[in-house]
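[1] following is a predicted model, sequence given first.
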Amino acid sequence: MSNAHYEQHGKVAVIRLDNPPVNGLGHELRRGIVDGIKRAEADDAIKAIVLIGSDQVFSGGADIREFGTPKMVVEPNLHTVIHFIETCDKPVIAAIGGTALGGGLELAMACHFRVALPTAKIGLPEVKLGLLPGAGGTQRLPRLVGLEPALNLIVSGESVPAGMFMGTQLFDEFIQGDLLVGALAFANKVVDEQRPLKLARDLKVEHPKAEAFFLWARTGIAQRAKNYPAPLKCVDAVEAAVNKPFDEGLQIERRLFAELLMSEESAALRHAFFAERATSKIPDIAEDTPTREIKSVGIIGAGTMGSGIAINFLNAGIPVTILEVKQEALDRGVAHIRSVYEGRIKKGKMTEADAEQRMSLLNTTLSYDDLKDVDLVIEAVFEDMGVKEQVFRKLDEVCKPGAILASNTSTLDLNKIASFTKRPEDVIGLHFFSPANVMRLLEVIRGEKTAKEVLATAMQLAKKIRKTAVVSGVCDGFIGNRMIARYQTEALLMLEEGASPQQIDRAIENFGFVMGPLRMADLAGGDIGWAIRKRHYAENPDMKRMVIADRLCEMGRFGQKTGAGFYRYEPGRRDALPDPEVDRVIEECRKELGITPRKISDKEIVERCVYALVNEGARILEEGIALRASDIDIVYLTGYGFPVFRGGPMFYADRVGLMKVARTMEKFAKRPGVTNSDFWQPAPLLAKLAAEGKTFN
Ligand code: T1G
């Protein structure tokens, strides 16, 4: 079925792109466009051609799903489609409504003329996929809008309103009203006036100091684009637009594109693109599952988490009532919310009016009775089952039928929490990550009895508050924290065995993590990890103690919040400074443990920490706690600072090769002095996939 419909409107042929959901320029659509052009050329009654998409999208670009498959290059490939347009002897006009991105904008730039709605959005987001515009975008855009605006758009990958380029050669006219009507009128004008056909390739890029500009651009980009090769190659391609004839520049662009397409970084970024969109697909929840309207939210607890959670809803225009047990706790929470908004006003990211409007949606109370009409309550109280029980019993009494009761618990048994109510089907986990108004990840914990409607509502609400929601089953730590516990354990064991906090963090940060495990522990607060360890010790008395971490906590060294943890911190500063006191504690603990410290390589540090995530992730998968491996990747990319250019722990393991990963784990299981050999046995799913030569994703 062709994805391009051919219509005749007087002497103008309209080729309508129709390949939902985004008019991706897959093979069928490319074939349809070429057939349409050939049909229009063969018809003497036709004097012009209009290419148009839907009101929402002209085209979202090349079909990324075809990448790495023969379909991507099967003729007519995108270059061929563009060649047909440029060599057409009748005017081809691109009519852009909605969005024109990547190859979609490149297709339009090859046309002789372009018209658009001022509200249309355009962009070349290839760099966000670790690529560069590979269908002439780096050569045509600078010719149409000038060097600097072109490079900014290409290197940023951002979408901008088409109206920004009013007055440039990128657009010949902006259409007020119906796009097709305006485009047809423009096409008839072009024919009646016998306007000469314009091609971007015939233009020159003018810039008074191009060489200096490229030097400046490269310096700035090199600093920001560490680990990402695409931005600097974008500069190389655009530079060719300035210094080389068009066709030579095109060849340079195609070479650079091919190099990036084969890169690990691009494979990872493309994986992340689809992985993030896959998280909302829940096999047993149909797309049309009814959802409940969430018009008001109650939050129990105005601490860091509760107030951070509140901000998400205020930003989405949803009224919030925060409940605390003491007025001063309420006042502190409100003050925190206000300070967040004041910070954004100072940065020019929000107006006073916006902030006031959002604050006007915030109510506070000391009484549960004020929550009787809310549609959703999220408790963010102390991580203790006794406290959760009190709260949920009270909510069960007070809240209206159909209200969704959510816990922000990060590790506790949601099924047990649900059992404190007479409506377990309305209970769900909404695990926000601190700072809750900043981190995109939201773990949606599906209890045994959570109703499908409640789950569907939570997933829909997550989109509304701009969170990336990942569904997790119920287990200790769900997906993220269960895996991070293994990761932290390996770091702490290596402290005992001979590594320093600085070495461990440096190795992990060189791998690409935003923050190493020990700096992260100091940021999160050592007392939180300590409380979880103590609960685990109580539940499993023969569990190995994390002696060094426990000792530092016994000394009151909880990290940044106490000015000292694995590092020390100057008052008011967050720089992690090595602390001789920590070295002394480490040595003392090693002696008590009878450990002779050994030299540990950075490679071992990275493999033990990262493969710990992979092995626990494999167990989470086989237990059905996570729906798919790419969900686990998204948890780590959006909630734990895992390097995006590596695609997430499971994707990274796939790229290393599961046979090699399993073999390394087996060696860790037999390492002299190992204390968690059982853990290092490759998870059955991992061993199976490795044996079959398969991958997680
Ligand atoms: N290819 C294939 N599938 C795509 C796609 C694409 N380009 N864009 C979106 N999808 C799928 C997406 O996976 C999802 O699928 C559905 O469409 C809706 O997407 C030669 C080489 C266009 C702004 O990078 O930015 O051109 O989950 O949920 O929020 O130089 O999609 O429903 O199965 O995001 O309305 C460059 C990527 C490609 C644009 C719409 N283009 N897409 O946002 O919907 S490379 C891009 C987007 C290229 C040339 C180069 C957004 C959107 P499913 P969605 P949305």
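    Right, received. Where do you want to start?
[2] got the domain ranges for the chain?
    Following automatic domain parsing, the chain resolves into domains at 4-260, 297-472, 480-691.
[3] measure Thr596 to Gly673 for me?
    9 Å (CB to CB, to the nearest Å). Every C-beta, even on glycine, is put in place using the N, C-alpha and C of the backbone.
[4] may I ask which helix or strand of this structure has the lowest mean pLDDT?
    Lowest on mean pLDDT, DSSP states H and E among the helices and strands of the chain sits helix 526-539, with a mean of 89.
[5] buried sites along the next helix-or-strand element following that helix?
    Following helix 526-539 in sequence order, the next helix or strand is helix 547-554 (DSSP states H and E). For helix 547-554, a neighbour-count test (16 or more other CB atoms under 10 Å) marks 547-553 as buried.
[6] same check on stretch 170-186?
    The neighbour-count check on stretch 170-186 (16+ other CB under 10 Å) flags 170-175, 179-180, 182-184, 186 as buried.
[7] just checking, which of those belong to strands?
    Counted as lying in strands by DSSP state E, out of the buried residues of stretch 170-186, are 173-174.
[8] kindly reformat the buried residues of stretch 170-186 as JSON lines containing distance to the ligand and pLDDT.
    Putting the buried residues of stretch 170-186 into JSON lines (distance: CB to the nearest ligand atom, whole Å; pLDDT from 0 to 100) gives the following:
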{"residue": "Leu170", "distance to the ligand": "16", "pLDDT": "97"}
{"residue": "Phe171", "distance to the ligand": "20", "pLDDT": "97"}
{"residue": "Asp172", "distance to the ligand": "22", "pLDDT": "97"}
{"residue": "Glu173", "distance to the ligand": "24", "pLDDT": "97"}
{"residue": "Phe174", "distance to the ligand": "21", "pLDDT": "96"}
{"residue": "Ile175", "distance to the ligand": "21", "pLDDT": "95"}
{"residue": "Leu179", "distance to the ligand": "18", "pLDDT": "96"}
{"residue": "Leu180", "distance to the ligand": "21", "pLDDT": "97"}
{"residue": "Gly182", "distance to the ligand": "23", "pLDDT": "97"}
{"residue": "Ala183", "distance to the ligand": "21", "pLDDT": "98"}
{"residue": "Leu184", "distance to the ligand": "26", "pLDDT": "98"}
{"residue": "Phe186", "distance to the ligand": "25", "pLDDT": "98"}
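[9] ramachandran angles for whichever residue of the stretch 301-450 of the chain sits closest to the ligand?
    Proximity of the stretch 301-450 of the chain to the ligand (CB to the nearest ligand atom) peaks at Arg440, 14.5 Å away. Main-chain dihedrals, Arg440, degrees, to the nearest 10: phi -80, psi -20.
[10] give the other helices and strands that the one helix or strand Leu215 maps to contacts.
    According to DSSP H and E, Leu215 maps onto helix 210-224. When contacts are defined as 3 or more CB pairs under 8 Å, 6 or more residues apart in numbering; DSSP states H and E, helix 210-224 sits against helix 147-156, helix 230-243.
[11] before we move on, the earlier item: now do the buried residues in the least confident helix or strand of the chain.
    526-533, 535.
[12] neighbouring contacts of stretch 149-157?
    Contacts to stretch 149-157, defined as CB atoms under 8 Å, 6 or more residues apart in numbering, come from residues 123-128, 132-133, 137-138, 141-142, 144-145, 160, 165, 168, 217, 221, 231, 234-235, 238, 241.
[13] C-alpha coordinates for that stretch, PDB please?
    Coordinates of the C-alpha atoms in stretch 149-157 are reproduced here as PDB (Å, rounded to 0.1, in the frame of the first residue of the first chain):
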ATOM      1  CA  PRO A 149      22.000  29.500  12.600                       C
ATOM      2  CA  ALA A 150      22.500  26.300  10.600                       C
ATOM      3  CA  LEU A 151      25.300  24.900  12.700                       C
ATOM      4  CA  ASN A 152      23.400  25.800  15.900                       C
ATOM      5  CA  LEU A 153      20.300  23.900  14.700                       C
ATOM      6  CA  ILE A 154      22.400  20.900  13.500                       C
ATOM      7  CA  VAL A 155      24.600  20.600  16.600                       C
ATOM      8  CA  SER A 156      21.800  21.200  19.100                       C
ATOM      9  CA  GLY A 157      19.300  18.900  17.400                       C
END
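[14] so that stretch, near the ligand or not?
    No: remark: stretch 149-157 sits outside contact range of the ligand, by CB under 6 Å from any ligand atom, the gap being at least 8.0 Å.
[15] so for that stretch, what gets flagged as buried?
    149-151, 153-157.
[16] rewinding a little: tilt between the least confident helix or strand of the chain and helix 547-554?
    120 degrees (axes from the mean of the first three to the mean of the last three CA atoms, to 10 degrees).
[17] what's the local residue count around the nearest residue to Thr675 once chain neighbours are set aside?
    In this structure, Thr675 finds its nearest non-sequential neighbour in Lys544, 5.1 Å apart by CB to CB, 6 or more residues apart in numbering. Counted with other CB atoms under 10 Å, the neighbours of Lys544 add up to 13.
[18] ok, back up a step: want to throw the helices and strands packed on helix 210-224 into CSV with distance to Leu455?
    Output for the helices and strands packed on helix 210-224, formatted as CSV (distance: least, CB to CB, whole Å):
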stretch, distance to Leu455
helix 147-156, 36
helix 230-243, 37
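[19] what would these look like in TSV with mean pLDDT?
    Putting the helices and strands packed on helix 210-224 into TSV (pLDDT from 0 to 100) gives the following:
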stretch	mean pLDDT
helix 147-156	97
helix 230-243	98
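[20] compare those helices and give me the one nearest Phe392.
    In terms of CB to CB, the element of the helices and strands packed on helix 210-224 nearest to Phe392 is helix 147-156, at 46.2 Å.
[21] any idea whether the residue of the stretch 201-350 of the chain found nearest the ligand is helix, strand or coil?
    Residue of the stretch 201-350 of the chain nearest the ligand, by CB to the nearest ligand atom: Arg277 (3.8 Å). What DSSP: H, G, I helix; E, B strand; the rest coil gives for Arg277 is helix.
[22] for burial, what's the neighbour tally of it?
    With other CB under 10 Å as criterion, Arg277 counts 12.
[23] same question, the one 3 residues further on
    Other residues near Ser280 come to 18 when the count uses other CB under 10 Å.
[24] does Leu184 touch Val50 like I think?
    Yes: assessed by CB atoms under 8 Å, Leu184 is found in contact with Val50 at 6.6 Å.
[25] okay, and the common contacts of the two?
    The overlap between the contact sets of Leu184 and Val50 (CB under 8 Å, 6+ apart) consists of 12, 14.
[26] quick one on the thing from earlier: any chance of the domains of the chain in a markdown table with distance to Glu287 as columns?
    Converted to a markdown table, these look like this (distance: least, CB to CB, whole Å):
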| stretch | distance to Glu287 |
| --- | --- |
| domain 4-260 | 13 |
| domain 297-472 | 9 |
| domain 480-691 | 15 |
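[27] so which of the ones you listed comes closest to Lys281?
    Of these, nearest to Lys281 by CB to CB is domain 480-691, at 8.0 Å.
[28] quick one: which of the buried residues of helix 547-554 is nearest the ligand?
    Within these, proximity to the ligand (CB to the nearest ligand atom) peaks at Ala549, which comes in at 41.1 Å.
[29] tell me the pLDDT of the closest one.
    For Ala549, the model assigns a pLDDT of 96.
[30] which helix or strand contains the nearest residue to it once chain neighbours are set aside?
    Among residues not flanking Ala549 along the chain, Leu492 sits closest, at 5.3 Å (CB to CB, 6+ apart). According to DSSP H and E, Leu492 maps onto helix 480-497.
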